[in-house]
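[1] let's see this in three dimensions:
(one chain, ligands or ions: 2)
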Amino acid sequence: MIVVLEKNITDEQLKNITQHLEDYGFTIHKSSGAERTILGAIGVQPNFDTRKIKILDGVEEVYRITDPFKLASRSFKNENTMFKVKDVTIGSNEIIVIAGPCSVESEEQIMTIAEIVKKSGAKILRGGAFKPRSSPYSFQGLGEEGLKMLRKAADEFGLLVVTEVLENSLIDLIYKYTDIFQVGARNMQNYSLLKELGSAKKPVMLKRGLSATVEDWLMSAEYILSNGNPDVLLCERGIRTFETYTRNTFDISAIPVVHKRSHLPVFADPSHATGLRDKVIPMALAAVAAGADGLMVEVHHDPEHALSDGPQALLPDQFVEMMKQVKLIANVIGRTI
Ligand code: PEP
Ligand code: MN
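    Ligands and ions are numbered 1, 2, ... in the order given. Reported below is the predicted structural model:
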């Protein structure tokens, strides 16, 4: 339920409304926008008579939220969510580029790639140290050593870090090295992980699950939000379909669909979405044209020898080219990069 408060509400009135909602068993989340302050009252009371709240002094209007996701919905918060991670703002008019290898493989590898991506305008360095691999025999990541290398490379070149957290027991360790937690596609419905990240004091990038609907995805975001962490960004990375010419099918329409239903920033990952480096640039352009708030791409200087996802990694020159072309599209639609 959404409680829209009057503009000139007094502290006393707000306290009274809050008290009533709590007495009726609701949990309250406050959203203070430029125009309005809104209370999101979350509770499982399907037949609650909203007039009980509507008559209280200081209440302008009460609505039911029809979407199953509440805090992630535009009805709860109309303004786009924007948050700062150190000197980088996510969700603003500026398109943020995250780039780096699939996995951190060595200090030399991550340093080389960090330098390349920084030079062309990436703001955030990616790289997995704990990898979710389909085969238990494939490279699983360098673990904490990899996190150290990733942090060192990012600090050396003035980049932020995003890296995947595979399970609850790794949250504290990864917290020490990362700026943003990544929840991978395979973990999108790991509700215990999502809940725990709700109380982690760093932003979370939530990738879309391989066979998740947009609603499933937003419900997963709701787990993080309702457990206290408002800094969530979504990342479309392709879904499984019957098509086999690409690794996944890039659901570009998910970008405007999410933007309409939710205030959360939406990034796009054309690397995992297509699985083929020659498809990454066109899909990056399409994603930006469709309104993506950022891109995440894999880059490798020696993809032939990469320990994971070599075929989808952009070569350094291709990354430079992608950034050039993305800038052109950004200009056309009135965004910066
Ligand atoms: C990744 O970004 O490293 C990754 C494994 O992606 P996804 O979870 O989307 O497959
Ligand atoms: Mn990868």
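[2] residues from the protein in reach of ligand 2?
    Among all residues of the chain, those adjacent to ligand 2 (criterion: Cβ under 5 Å from the ion) are 102, 309. Yep, even glycine has a C-beta here, placed from its N, CA and C like the rest.
[3] what kind of secondary structure is the most centrally placed residue in the chain in?
    Ranked by distance to the mean C-alpha position of the chain (Cα atoms, centre = their mean), the top residue is residue 233 at 2.2 Å. With DSSP: H, G, I helix; E, B strand; the rest coil as the basis, the three-state label of residue 233 is strand.
[4] please renumber so the chain begins at 701
    Right, with 701 as the first residue, what we last looked at is residue 933.
[5] who are the contact partners of it?
    Residue 933 makes contact with 790-791, 880, 903-906, 964-967, 993-994, according to Cβ atoms under 8 Å, 6 or more residues apart in numbering.
[6] can you rerun that using 10 Å?
    Taking Cβ atoms under 10 Å, 6 or more residues apart in numbering as the criterion, residue 933 is in contact with 781, 783, 785, 790-791, 796, 798, 862, 880, 882, 903-906, 921, 964-967, 993-994.
[7] against ligand 2, how distant is it?
    Applying Cβ to the ion, to the nearest Å, one obtains 18 Å for the distance of residue 933 from ligand 2.
[8] what's the local residue count around the nearest residue to residue 968 once chain neighbours are set aside?
    Setting aside the residues directly before and after it, residue 968 is nearest to residue 987 in space (Cβ to Cβ, 6 or more residues apart in numbering), at 3.6 Å. Look at residue 987: counted by other Cβ atoms under 10 Å, it has 28 neighbours.
[9] helix, strand, or coil at residue 987?
    Per three-state DSSP, the secondary structure class of residue 987 is helix.
[10] would you map the strands across this structure?
    In chain order, the chain shows strands spanning 702-705, 727-732, 737-742, 759-763, 783-785, 788-790, 796-800, 824-826, 860-864, 880-883, 904-907, 932-936, 966-968, 994-998, with DSSP state E as the criterion.
[11] and the angle for the third one with strand 727-732?
    Right, the one you point to is strand 737-742. Between the axis of strand 737-742 and that of strand 727-732 there is an angle of 160 degrees, by axes from the mean of the first three to the mean of the last three Cα atoms, to 10 degrees.
[12] with the last one instead?
    Between strand 994-998 and strand 727-732, the angle formed by their directions is 110 degrees, by the same axes, to 10 degrees.
[13] run the chain-centre distance for strand 994-998.
    Strand 994-998 has its average C-alpha position 12 Å from the chain's average C-alpha position, going by Cα atoms, centre = their mean, to the nearest Å.
[14] now the residue lying closest to residue 929 once chain neighbours are set aside: how far from residue 887?
    In space, and not counting its chain neighbours, residue 929 is closest to residue 898: 4.8 Å by Cβ to Cβ, 6+ apart. Summarising the geometry, the distance separating residue 898 from residue 887, computed by Cβ to Cβ, to the nearest Å, is 14 Å.
[15] then residue 998?
    Relative to residue 887, and taking Cβ to Cβ, residue 998 is found at 19 Å.
[16] neighbour-wise, which of those two wins?
    Higher neighbour count among residue 998 and residue 887: residue 998, with 30 against 21, using other Cβ under 10 Å.
[17] what's near enough to touch the more buried one?
    Residue 998 sits next to 798-803, 813, 826-828, 969-972, 977, 980, 1006, 1008-1014, 1019 when contact means Cβ under 10 Å, 6+ apart.
[18] helices - which of those land there?
    For the contacts of residue 998, membership in helices holds for 813, 970-972, 977, 980, 1019, with DSSP state H as the criterion.
[19] can you pick the most crowded of the residues you listed?
    Taking other Cβ under 10 Å as the neighbour criterion, residue 970 ranks highest of the ones in helices among the contacts of residue 998 with 31 neighbours.
[20] residue 1029 is in contact with the residue nearest to residue 968, correct?
    Yes. The pair residue 987 / residue 1029 is scored as a contact, 9.3 Å apart, by Cβ atoms under 10 Å.
[21] any idea how many residues pack against the closest residue to residue 827 other than its chain neighbours?
    With Cβ to Cβ, 6+ apart as the measure, residue 804 is the residue that lies nearest to residue 827, at 4.2 Å, once sequence neighbours are left out. Neighbour count for residue 804, taken as other Cβ under 10 Å: 29.
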